[in-house]
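S.K.: One predicted model, sequence on top.
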Amino acid sequence: MQPPRTSARQPSPDQRQLRRVALSGLLGTAVEFYDFLVYGTVAALVFGDLFFPGADPAVGTIAAFGTFAAGYVARPLGGIVFGHFGDRLGRKSMMLLTMALMGCGSFLIGVLPTYDMIGVWAPVLLVTLRVVQGLAIGGEWGGATLMVVEHAERVQGSRRGLWSSFTQLGAPLGSVLSAGVVTLVSSLPDDDFRSWGWRVPFLLSILLLAVGMFVRLKVAESPLFAEVKREPSAKPPVVEVLRRPKPVLLAACVGIGAFTAQSLLTGFMISYAVDHGYSRPQVLTAVTVASCVALLVLPAASALSDRVGRRPVVLAGAVASAALAFPVLALVDSGSPGLLILALVLGHGIAQSTMYGPLGALLTEMFGTRVRYTGASLGYQAATLVGAGFSPLIASSLLASNGGGSTPVSLLLCGGAAITALTVWRMRETHTDTLDPSPSRTTTPTPEGAPR
């Protein structure tokens with residue numbers, strides 16, 4: 001019997017809450033990636049001179065990306081800390097705290113004095129703010145994704161992948177926003193951009209923060225967490241997760257390819273392409289176009305993973321990323337703005353997004369409700385540390401010692417994709433599993449042999 005038409009026009013309270021939680025996750029991840037990509041972009045353009053003056057240009061770039069990596073080093077620790085309280089106190093309170101810390105950290109970078117103003121304290125404060133951001137972001141993704149997936153389990157469990165893609169969409173959305181804002185300010189005269197224009201993207205993050213906090217204050221706590229909270233565990237969640245470390249190791253390794261590609265083909269690529277003769281607007285336009293393509297590919301890949309499974313979709317993205325690694329860099333080295341756009345669309349917009357899309361649902365499904373925030377956050381942030389935190393630093397160092405050839409960058413892309421492909425090949429499929437709220441369940445079993 002067909003339901004009345006009015007029910008289709010008037011969603012249930014659970015459906016309305018799911019949509020609100022999905023929007024909250026989208027905004028939170030957008031703030032996260034906006035903040036980090038603005039930093040990566042500005043670091044590639046001017047931070048070497050502003051905060052590390054007197055150094056060789058290559059050394060200054062390496063130092064700027066070193067502070068970028070410092071933020072990533074703090075992320076696994078943030079995953080543990082916020083994951084612990086998220087699994088004990090609730091998802092919502094941690095989501096509010098992490099978003100506030102992220103946005104305020106970015107705003108403070110925008111008002112930070114440079115080396116010429118306060119000397120060595122400038123880079124010290126810059127690194128400190130990056131670490132604070134890293135700690136907050138370490139807990140942000142886990143809370144946002146878990147809230148969406150756990151709410152979706154009660155409303156549309158068979159479409160957890162599609163709903164989780166709203167959180168993942170924050171990555172390209174943040175990239176589009178950051179590239180757009182930086183494109184506008186980088187069109188200023190060079191002296192104006194270096195004196196005050198670079199601060200504008202950081203200061204504007206306060207607007208994203210205000211919208212995100214407004215939405216998050218209206219979301220309800222996860223219904224699955226509400227059930228397990230009645231019977232708390234005596235052991236800290238991180239102890240339960242690390243007592244059986246295989247799932248969290250798999251979660252970390254499966255994300256390395258997506259984060260390696262994301263960091264090398266966005267923030268790092270700006271520095272690389274400018275050094276190879278492209279103008280800043282040309283490079284930022286290419287990043288923006290690739291990110292717009294990702295806005296379409298991410299939900300498509302996530303929805304497909306609801307039908308055919310997480311493993312085949314992630315594996316296809318990893319294979320494509322490895323196969324495209326050398327052609328993508330060859331297109332960039334061609335010097336053609338049109339081929340630069342094509343390179344980033346293929347490598348970032350399509351291959352990387354196919355890997356990244358299903359990760360939210362996949363990592364959530366690998367852990368039980370009582371330790372899900374800690375387990376998923378720790379695995380995800382460890383992947384960002386290895387894949388995104390150190391890749392630009394390693395690439396810059398290799399390029400400086402290799403005469404500027406693109407081979408090291410291609411090899412890094414291939415290596416990250418290979419780790420993801422080998423890991424996902426060994427994992428068990430989870431897309432048909434039920435998210436069991438039972439307090440006695442800690443982690444989703446992993447296979448002893450080849451995947452079924």
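M.R.: Great, that's in hand.
S.K.: Can you pull out the low-pLDDT segments for this structure?
M.R.: Judged by pLDDT under 70, the chain has its weakly predicted residues at 1-11, 44, 54-71, 156-157, 228-234, 403-404, 436-452.
S.K.: Okay, helices next: where are they in the stretch 1-150 of the chain?
M.R.: Ranges of helices in the stretch 1-150 of the chain, per DSSP state H, counting those that start in this stretch, are 5-9, 13-42, 48-51, 57-88, 91-110, 115-118, 121-156.
S.K.: Reformat the ones you listed as JSON lines; add mean neighbour count.
M.R.: Any C-beta I mention is one placed from the backbone N, CA and C, and that applies to glycine too. Formatted as JSON lines, the helices of the stretch 1-150 of the chain follow (neighbours: other C-beta atoms under 10 Å):
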{"stretch": "helix 5-9", "mean neighbour count": "8"}
{"stretch": "helix 13-42", "mean neighbour count": "24"}
{"stretch": "helix 48-51", "mean neighbour count": "22"}
{"stretch": "helix 57-88", "mean neighbour count": "23"}
{"stretch": "helix 91-110", "mean neighbour count": "22"}
{"stretch": "helix 115-118", "mean neighbour count": "13"}
{"stretch": "helix 121-156", "mean neighbour count": "24"}
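S.K.: between these, which gets nearest to residue 336?
M.R.: With C-beta to C-beta, the closest approach to residue 336 among those belongs to helix 13-42: 21.7 Å.
S.K.: Run the angle between the closest one and helix 121-156 for me.
M.R.: Inter-element angle recorded for helix 13-42 and helix 121-156: 150 degrees (by axes from the mean of the first three to the mean of the last three C-alpha atoms, to 10 degrees).
S.K.: give me phi/psi at residue 278?
M.R.: phi -80, psi 150 (degrees, to the nearest 10).
S.K.: Without its sequence neighbours, what residue ends up closest to it?
M.R.: residue 340 (6.4 Å; C-beta to C-beta, 6 or more residues apart in numbering).
S.K.: And the one you found, how far from residue 328?
M.R.: Distance of residue 340 to residue 328, computed by C-beta to C-beta, to the nearest Å: 10 Å.
S.K.: between these two, which one's more packed in?
M.R.: With neighbours defined as other C-beta atoms under 10 Å, residue 340 and residue 328 compare such that residue 328 has more, 29 against 26.
S.K.: In contact with that one: list those residues for me.
M.R.: By C-beta atoms under 8 Å, 6 or more residues apart in numbering, the contact set of residue 328 is 265, 343-344, 346-347, 410, 413.
S.K.: Let me know the helix or strand that it is in.
M.R.: Using DSSP states H and E, residue 328 sits in helix 310-333.
S.K.: And that helix, how far out from the chain middle?
M.R.: 18 Å (C-alpha atoms, centre = their mean, to the nearest Å).
S.K.: surely the residue nearest to residue 278 meets residue 333?
M.R.: No. Here residue 340 lies out of contact with residue 333, judged by C-beta atoms under 8 Å, at a distance of 9.6 Å.
S.K.: Quick check: the farthest pair among the contacts of residue 328?
M.R.: Maximum pairwise distance in the contacts of residue 328, criterion C-beta to C-beta, is 14.3 Å, between 344 and 410.
S.K.: Give me the more crowded residue out of these two.
M.R.: Using other C-beta under 10 Å, the more surrounded residue of residue 344 and residue 410 is residue 344, with 29 against 19.
S.K.: what helix or strand is the more buried one on?
M.R.: Per DSSP H and E: helix 337-344 holds residue 344.
S.K.: Need the contact partners of the helix or strand that that helix is followed by.
M.R.: Next helix or strand after helix 337-344 toward the C-terminus (DSSP H and E): helix 353-356. Residues from elsewhere that reach helix 353-356 (C-beta under 8 Å, 6+ apart): 168, 171-172, 257-258, 261-262, 293-294, 297-298, 301, 313-314, 316-318, 320-321, 417, 420.
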